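Colleague: Next input, structure requested:
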Amino acid sequence: MSSYFQKLRDPRWQKMRLQVMERNEFCCEMCGDSTSTLNVHHKAYFKDREPWDYLIEQLSCLCEGCHEQNHKNIDPLKFLCSLLPLSGIGSQSSLCLIVAGILNFDYNETLKMTDFEDCEFASARYAWGKLLGEKL
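Modeller: The predicted structure is shown next:
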């Protein structure tokens, strides 16, 4: 069993999970189903945050079908941001290069804004953004 699934057995998560389900009167927030198995879904993920270290407003109560559909429709940009550290100039510049690629901004102008030189690191981030932009 992976460590993430072990964390979902933690009493802190179980307590929060129950609070979310009670808040929604044990009904799916998307379809209103009250008979299917319910899951508590994180609306966004943040790097290095424990499952229970979220505000209750950042969690939703979904039936298994809606939860599965929600994960299939994950926003690539939100997912990308969830993987990046939230602090440090390197993180901000990396994100800037990726977003510039998504938005098809001029690569050289983006380099000036981020204080990066043209290098493999910078061009890879920009190229990754271009690929994400094509999927959006």
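Colleague: alpha carbons only for contacts and neighbour counts from here, please
Modeller: Noted.
Colleague: For residue 62, which non-adjacent residue is spatially closest?
Modeller: residue 28 (4.4 Å; CA to CA, 6 or more residues apart in numbering).
Colleague: Over to residue 127?
Modeller: residue 101 (6.3 Å).
Colleague: and the one you found, that's in a helix?
Modeller: Yes - judged by DSSP: H, G, I helix; E, B strand; the rest coil, residue 101 forms part of a helix.
Colleague: Settle this for me: it is touching residue 123, isn't it.
Modeller: No - Residue 101 is not in contact with residue 123 according to CA atoms under 8 Å; the separation is 9.5 Å.
Colleague: Settle it for me: which of these two has more neighbours?
Modeller: residue 101 (25 against 18; other CA atoms under 10 Å).
Colleague: Name all residues that make contact with that one.
Modeller: 107, 125-131, 133 (CA atoms under 8 Å, 6 or more residues apart in numbering).
Colleague: Wasn't residue 61 part of a strand?
Modeller: Yes - under three-state DSSP, residue 61 falls within a strand.
Colleague: That one reaches residue 40, doesn't it?
Modeller: Yes - counting by CA under 8 Å, residue 61 touches residue 40, with 4.7 Å between them.
Colleague: Give me the common contacts of those two.
Modeller: 20-21.
Colleague: And these two? Which one has more around it.
Modeller: The neighbour comparison of residue 61 against residue 40 (other CA under 10 Å) goes to residue 61, with 27 against 20.
Colleague: Out of the contacts of residue 101, which end up buried?
Modeller: Buried members of these, scored by 16 or more other CA atoms under 10 Å, are 107, 125-130, 133.
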